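Asks: here's a sequence, model it:
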Amino acid sequence: MEAQHLHAKPHAEGEWSTGFCDCFSDCKNCCITCLCPCITFGQVADIVDRGTTSCGAAGALYTLIAVITGCGSIYSCLYRGKIRAQYNIRGDGCTDCLKHFCCELCALTQEYRELKHRGFDMSLGWAGNAERQQNQGGVAMGAPAFQGGMTR
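Replies: Here you go, the predicted structure:
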């Protein structure tokens, strides 16, 4: 069962909370993403992976893939699918990849805005957001709660 973050804003079920081309609705993130997309990707990956992938590690891997292949979207498009799965947003893997390959910056900024819209403070990362939630009374994060360890 998925519980919404305390400060999440309402949006249409199954839809992204902002449009694909709404990059300038968050000018600061738009500029950061244009200059250094690895930062935005790292922030998104840290939260989507619930802290198991650090912002720095994800950003560095994104940069390495971009330098070697010329196409960081090979890696980043996978995270669009993870976001869709966590929040029941309609779409498919083919569309995710096309959006990242055709306009990587629009895709990254939309994913960043989605997580921000769902109540995450992107500058804190997963650990900082989890700590903030604990201090505010333990309301579950926007993503399904981590259930720790392997069980049978």
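
Asks: please count neighbours and contacts with C-alpha atoms only from this point.
Replies: Will do.

Asks: setting aside sequence neighbours, what's the nearest residue to the residue most central in space within the chain?
Replies: By C-alpha atoms, centre = their mean, the chain has its centre lying nearest to residue 44, at 3.3 Å. Nearest residue to residue 44 in three dimensions, chain neighbours excluded: residue 112, at 6.0 Å (C-alpha to C-alpha, 6 or more residues apart in numbering).

Asks: and the one you found, what does it touch?
Replies: The neighbours of residue 112, taking C-alpha atoms under 8 Å, 6 or more residues apart in numbering as the test, are 40, 43, 44, 122.

Asks: going by neighbour count, which of the residues you listed comes out on top?
Replies: residue 44 (32 neighbours; other C-alpha atoms under 10 Å).

Asks: which residue ranges of this structure form helices?
Replies: Listed in chain order, the helices of the chain (DSSP state H) span 27-35, 37-48, 55-69, 73-87, 93-102, 104-117, 125-135.

Asks: quick check: angle from the fourth one to helix 93-102?
Replies: So the one you mean is helix 73-87. Computed by axes from the mean of the first three to the mean of the last three C-alpha atoms, to 10 degrees, the angle separating helix 73-87 from helix 93-102 equals 130 degrees.
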